[in-house]
Every structure is written in C-alpha cells, then in structure tokens.
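Novice: Task: produce atomic coordinates for the following.
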Amino acid sequence: MLWNIPNSLTVLRIFLIPVFVGIFYLPASVIEPHWINFSATLVFALAAITDWLDGYLARRLNQTSAFGAFLDPVADKLMVAAALIVLVELGRTGAITALIIIGREIAISALREWMAGTGDKGSVAVATIGKVKTALQMLAILFLLYSDPVANINIYLIGKVLIVIAAFLTLLSMAYYLKAAWPRINLK
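Specialist: Residues are numbered from 1 along each chain as shown. Next comes the predicted model:
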C-alpha cells in the first residue's frame, strides 16, 4: 500500500523542509528573530516526531512497505542536512561538523543499499550506537535552532556541546557499520 498513514507522515516531513528553511528567510520586519528561531524549532520538532511516529505506526498498523522503507531514511537525511546547512549559514555550527554528519549519512545509506543488493542488509541494520547518535543529533539541532536562553540556561552552548558529541558518535557508528560490513566488502 503506497498511501498509508506512515508514508503520508514521511511525505509530510519532506514537505516541511522548505517550510523550515523558508522561516529563516522571513524578514525581521515580518517576524522577530526570536520567533523565527522558535518557529523553525517547532517545525523541526514536528518533523522529528513524524519520523518516530511513522515508524511506530508502520509496525503497529502492519503498514510497512518497500516505498516507506526507501522514503523514510531519505526524508530523515534531507531534513537533518537542511537543518545543518541552515545552522552553518547562521554560524551556529561548524562546516566540518556538518560535513561529518551529512557525509556519514550518505556513506552509510550507500553501504546499506549496496548490502541490501548483495542480500546481506542485516549486517548493517540500525544499532544502538546509531540510535544514540540520532537522539543526540536531533536534540543538538533543536537546541542550536532555538539558540535563545531558557530560564538562564544557555541552550546554545548545550547544543554546541551535543553536536560535537553527536559528530564523534557519528564517526564511531560509521566505524561500527563498516566493521560489520567489512567481511562482505572484503570479498573479491
């Protein structure tokens, strides 16, 4: 089934990307910078929630599909890449950090696609380290997008620390997946 609830949520996430990016291009005469940060953070949070919800509903309602399995990770990577590019443009994270995270996503997606083609996609299935990396990465992005202090807590600084930790876990998780796939890659 192509247009089920989980796939619709995934498509919604893709449609949220230009909305998310567009918020940062609204003139200050239309919306104050604080509200730009707040609105973009809400849109990104909604996208992150739909990411979790579409997977949950696909399993719960038994509505998994090959289309959904393909589109869901694409939507995730596009949203994260868009957020990181915006954060680099705003000077809230470094280009190296963004390149590490985006580059790993592309490399591991390609590895998973190749492994699936060999009939051995299970060896690069999502591992705990990947889930922890994703959770920290999403939280870091949310904090960096909002950026304003909350109850005298420096959200921006927390986001900067978390994104560095997420980048480190990104490298560790990439090494983990490459090690798991190495026996297959090492074949002649």
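Novice: hey, let's count contacts and neighbours off CA atoms from now on
Specialist: OK.
Novice: any chance you could map the helices in the protein?
Specialist: 5-23, 33-60, 66-89, 95-117, 128-146, 155-185 (DSSP state H).
Novice: Tell me which other helices or strands the first one touches.
Specialist: Judged by 3 or more C-alpha pairs under 8 Å, 6 or more residues apart in numbering; DSSP states H and E, the packing partners of helix 5-23 are helix 33-60, helix 66-89.
Novice: mean confidence for the longest one?
Specialist: Taken as a whole, helix 33-60 has an average pLDDT of 93.
Novice: and it with helix 66-89, angle?
Specialist: For helix 33-60 against helix 66-89, the angle by axes from the mean of the first three to the mean of the last three C-alpha atoms, to 10 degrees is 160 degrees.
Novice: Residue 22: neighbouring residues, count only.
Specialist: Residues lying near residue 22 (other C-alpha atoms under 10 Å) number 12.
Novice: Show me the shaky parts of the chain.
Specialist: 1, 120-125, 186-188 (pLDDT under 70).
Novice: separation between residue 22 and residue 35?
Specialist: The gap separating residue 22 from residue 35 is 13 Å, by C-alpha to C-alpha, to the nearest Å.
Novice: What are the structural domain limits within this structure?
Specialist: Per automatic domain parsing, the domain ranges recorded for the chain read 1-90, 94-188.
Novice: okay, now the closest residue to residue 67 other than its chain neighbours: neighbour count?
Specialist: Counting by C-alpha to C-alpha, 6 or more residues apart in numbering, residue 2 is the residue found nearest to residue 67 once chain neighbours are left out, at 6.7 Å. Other residues within reach of residue 2, judged by other C-alpha under 10 Å, total 13.
Novice: How much space separates residue 2 from residue 142?
Specialist: From residue 2 to residue 142 the distance is 31 Å (C-alpha to C-alpha).
Novice: Same check on residue 20?
Specialist: 12 Å.
Novice: what does residue 4 give?
Specialist: In this view, residue 4 and residue 142 are 28 Å apart by C-alpha to C-alpha.
Novice: Compare the two and say which is more crowded by neighbours.
Specialist: Neighbour comparison, residue 4 and residue 142: the larger count goes to residue 142, with 24 against 16 (by other C-alpha under 10 Å).
Novice: Touching, that one and residue 47? I think so.
Specialist: No. Look at residue 142 against residue 47 with C-alpha atoms under 8 Å: they stay out of range, at 11.1 Å.
Novice: what's the neighbour count on the nearest residue to residue 26 once chain neighbours are set aside?
Specialist: In space, not counting the residues next to it along the chain, residue 26 is nearest to residue 36; the distance is 7.8 Å by C-alpha to C-alpha, 6+ apart. Residues near residue 36, counting by other C-alpha under 10 Å, number 22.
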